[in-house]
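Chemist: Give me the fold of what follows.
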Amino acid sequence: MSPIKDLGLVYEALNAGDTFSQGDTIAAMVTFTLTKETKLKGLSVKLKGDADVHWSEGTGDKRRSHSAHRTYLKLKDNLVAQNENGTVLPKGDHQLKFRFTFPQGEMPSSFRGLHGKICYILVAKVSRSWRMPSSVQKELNFVSKSSHTVQAIHPQSGSVDKKMSGFADGQVEMSATVNTNVCSPGDTVSVVAQIRNSSSKQTKTKFSLQQKIVYRANASTKVNDQSLWKMVGETIEPNSAETASCQFTVPADVTHTLQDCEIISVSHYLKVYLDISFAIDPKVEFPLVVVPSGFANLQPGGAPGPYPSGPFGAPSYSDFPPPAYPVGPYPAPAGSGAYGYSAPDPTQHANMSSGYYNQEPQQAPPEGF
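Modeler: The predicted structure is shown next:
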């Protein structure tokens, strides 16, 4: 029976909505109880971010699977040094504190969909000789600043005209305007369409908010285009002109626009079209960028609104108690983010151009943490 009990991992929430972004520091703690004096081979913590897609298509012998993977973040620190002789820890409760800082650079926001996901996970693993390691993990909600730094354009306009053929004679013309190109969940979007029906057929104006998710694996793609909201206007009689307008609220659970991941993308657009029987429906489409609340009013290079003033992501450690274990026999290393156990000198490697980070923290924790 394992002497390691109640292995847990907790972290301090930083921003509203329990989210993290580039430059934020996550303060966390590994907790566990030893039922007896135990020799550990090592205890490591990781912060990693990965994107994966997978889907299958076809049947029988023609069934094919498609998958792809990207790594955007990988940070690691050893709270108990890895060595062959091991490190003996006393019986009782243990709390090991550490911290990681999300690097600057382009990393996509967290996402979960039908055929793929982008996950940022905090992992702690305890290793013992000749034993299966014990591990615990927490998934984090990462919101990318780089992908949501956009500038609103007010308004957007478009028009279309179509000459009828086949079962109808004449022509229909439509011009439409939407009040913005950037919105957040809960925002109200307004659209106005002016229609001139010079044909012999009745028509109706329809509005829909569309969400398009594209999964990519090598040269294959899987597209999921769905309607999030629809509205049907009044009937427009032949040889008449009408103005159709509507307002809608962006759904609270809508997935944010995602364009900075090579294998997953999420886009939105507002479609205004005329429903004409036995004819190809004329339509006008407006791209919409759906961002978290507080991002829609950004200028390029600006800082998001919902975060605290002052240095972005400045952490607070006031809620963390002091270590519960004796620190005397296990001096705190000067270069580690952990307390109470020796660790090797950390090194840092960063490849900013590829978007992949492999880093061990170098900062010494502030006093009192």
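Chemist: Could you use CA atoms for every contact and neighbour count after this?
Modeler: OK.
Chemist: where does the stretch 51-200 of the chain dip in pLDDT?
Modeler: Regions of the stretch 51-200 of the chain meeting the criterion pLDDT under 70 cover residues 147-153, 162-168.
Chemist: how about a cut-off of 80?
Modeler: 83-84, 146-155, 157-169 (pLDDT under 80).
Chemist: Strands of that one, start to end?
Modeler: 64-80, 87-89, 92-101, 111-112, 116-127, 134-142, 156-163, 171-178, 182-183, 188-197 (DSSP state E, counting those that start in this stretch).
Chemist: Among those, which comes closest to Asn218?
Modeler: Nearest to Asn218, of all those, is strand 64-80, at 7.2 Å by C-alpha to C-alpha.
Chemist: Strand partners (parallel or antiparallel) of the closest one?
Modeler: Pairing partners of strand 64-80, with direction, according to DSSP bridges: strand 42-57 (antiparallel), strand 356-359 (parallel).
Chemist: Could I get the average pLDDT for the last one?
Modeler: Over the span of strand 356-359, the pLDDT mean works out to 43.
Chemist: who's Gly42 bridged to?
Modeler: Listed by DSSP bridges, the beta-bridge partners for Gly42 are Ser127.
Chemist: Tally up the residues packed near it, please.
Modeler: Residues lying near Gly42 (other C-alpha atoms under 10 Å) number 21.
Chemist: Tell me the spatial nearest neighbour of Gly23, not counting adjacent residues.
Modeler: Phe102 (5.1 Å; C-alpha to C-alpha, 6 or more residues apart in numbering).
Chemist: Let me see the domain layout of this structure.
Modeler: Residue ranges for the domains of the chain, per automatic domain parsing: 4-145+303-359, 156-290.
Chemist: quick one, the helix or strand hosting Asp225 and strand 188-197 angle?
Modeler: Element membership of Asp225, judged by DSSP states H and E, is strand 220-236. Between strand 220-236 and strand 188-197, the angle comes out at 60 degrees (axes from the mean of the first three to the mean of the last three C-alpha atoms, to 10 degrees).
Chemist: Buried residues, strand 220-236. List them.
Modeler: By neighbour count with 16 or more other C-alpha atoms under 10 Å, strand 220-236 contains the buried residues Lys222, Gly233, Ile236.
Chemist: again with stretch 115-123
Modeler: Of the residues in stretch 115-123, His115, Gly116, Lys117, Ile118, Cys119, Tyr120, Ile121, Leu122, Val123 count as buried by neighbour count, 16+ other C-alpha under 10 Å.
Chemist: one step back: including pLDDT, could the buried residues of strand 220-236 go into CSV?
Modeler: Formatted as CSV, the buried residues of strand 220-236 follow (pLDDT from 0 to 100):
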residue, pLDDT
Lys222, 96
Gly233, 89
Ile236, 91
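Chemist: possible to save these as CSV with distance to Lys36?
Modeler: Below are the buried residues of strand 220-236 laid out as CSV (distance: C-alpha to C-alpha, whole Å):
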residue, distance to Lys36
Lys222, 53
Gly233, 73
Ile236, 81
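Chemist: separation between Val30 and Pro251?
Modeler: Separation of Val30 from Pro251 (C-alpha to C-alpha, to the nearest Å): 37 Å.
Chemist: Looking at the two, which is more packed in?
Modeler: Relative neighbour count places Val30 above the other of Val30 and Pro251, with 23 against 15, counting by other C-alpha under 10 Å.
Chemist: if I look at that one, how far off is Lys48?
Modeler: Val30 is 17 Å from Lys48, by C-alpha to C-alpha.
Chemist: what do you get for Val290?
Modeler: 26 Å.
Chemist: Compare those two and say which is more crowded by neighbours.
Modeler: Taking neighbours as other C-alpha under 10 Å, Val290 and Lys48 compare with Val290 leading, 25 against 21.
Chemist: Name the residues linked to that one by a beta bridge.
Modeler: Where Val290 sits in a bridge, its partners, by DSSP bridges, are Cys183.
Chemist: Test my guess that it contacts Val182.
Modeler: Yes - counting by C-alpha atoms under 8 Å, Val290 does reach Val182; the two are 6.0 Å apart.
Chemist: what's the nearest residue to Phe142 once chain neighbours are set aside sitting at in phi/psi?
Modeler: Nearest residue to Phe142, sequence neighbours excluded (C-alpha to C-alpha, 6+ apart): Phe20, at 4.8 Å. Dihedral pair for Phe20: phi -130, psi 150, per degrees, to the nearest 10.
Chemist: just Ala219 next, same as before
Modeler: Dihedral angles phi and psi of Ala219 (degrees, to the nearest 10) take the values phi -100, psi 0.
Chemist: Provide the count of other residues in contact range of it.
Modeler: Ala219 has 6 neighbouring residues, counting by other C-alpha under 10 Å.
Chemist: Distance of it relative to Ser67?
Modeler: Distance of Ala219 to Ser67, computed by C-alpha to C-alpha: 11 Å.
Chemist: What pLDDT does the model give Gln363?
Modeler: 40.
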